[in-house]
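> I'll drop the sequence and a predicted model, then ask my questions.
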Amino acid sequence: MKKTLAVLSLSALLAACAAPSPQPGEMEIRRGVIEQITAVQIQTDHQPGVGAILGGAAGIGIGSLIGAGTGRDVAMVAGAIAGGLVGNEVQKKHDQPIAGQQIIVRMSNGVLVSVTQPVNPALRQGQRVYIEGNGNSARVVPQ
């Protein structure tokens, strides 16, 4: 019983010392100075094949409106193939990489942080900046 009580007390003490995590709607903001900016290409985050699947489904729907019996079945298959090809080509046109920047920021505590984001022409080396957010949603903005 004493051992269990000691473990629970230690757990409660450690939990009380933990830093609170940001709440929904809150954003972590850090400060630093830009050390380096490198031009990069950012790939889009679209899933490959989605255009073909949606196009094929639309083709089946349109093909089902044509004819009856075997002719209708043929129209649905042809619509699925044509829709898949068209949907794939449309997605390829929209999945082109966009111009971006890899920005290395030296934080106030000396730690280097790298953020990759779309080009922001207002940023330059040596500038004081904020880093808003963290992970994939982090963005560097002028101070």
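Structure's in. What do you need?
> Next secondary structure element downstream of the lengthiest helix in the chain?
The helix that spans the most residues within the chain, counting by DSSP state H, is helix 70-94. Per DSSP states H and E, the first helix or strand lying C-terminal to helix 70-94 is strand 98-107.
> and for that next one, what are the contacting residues?
30-42, 44, 112-120, 123, 129, 131, 140 (Cβ atoms under 8 Å, 6 or more residues apart in numbering). In this view, the C-beta of every residue, glycine as well, is placed from N, C-alpha and C.
> which helices and strands sit right next to the next helix-or-strand element following it?
Remark: after strand 98-107, the chain's next helix or strand is strand 112-118, criterion DSSP H and E. Using 3 or more Cβ pairs under 8 Å, 6 or more residues apart in numbering; DSSP states H and E, the elements in contact with strand 112-118 are strand 29-42, strand 98-107, strand 139-142.
> May I have the strands that pair with strand 112-118, each with its orientation?
In the sheet, strand 112-118 lines up against strand 98-107 (antiparallel) (DSSP bridges).
> For the strand it pairs with, buried residues please.
The neighbour-count check on strand 98-107 (16 or more other Cβ atoms under 10 Å) flags G100, Q101, I103, I104, V105 as buried.
> Just the buried ones out of the contacts of strand 98-107, please.
30, 32, 34, 37, 40, 113, 115, 117, 120, 123, 129, 131, 140.
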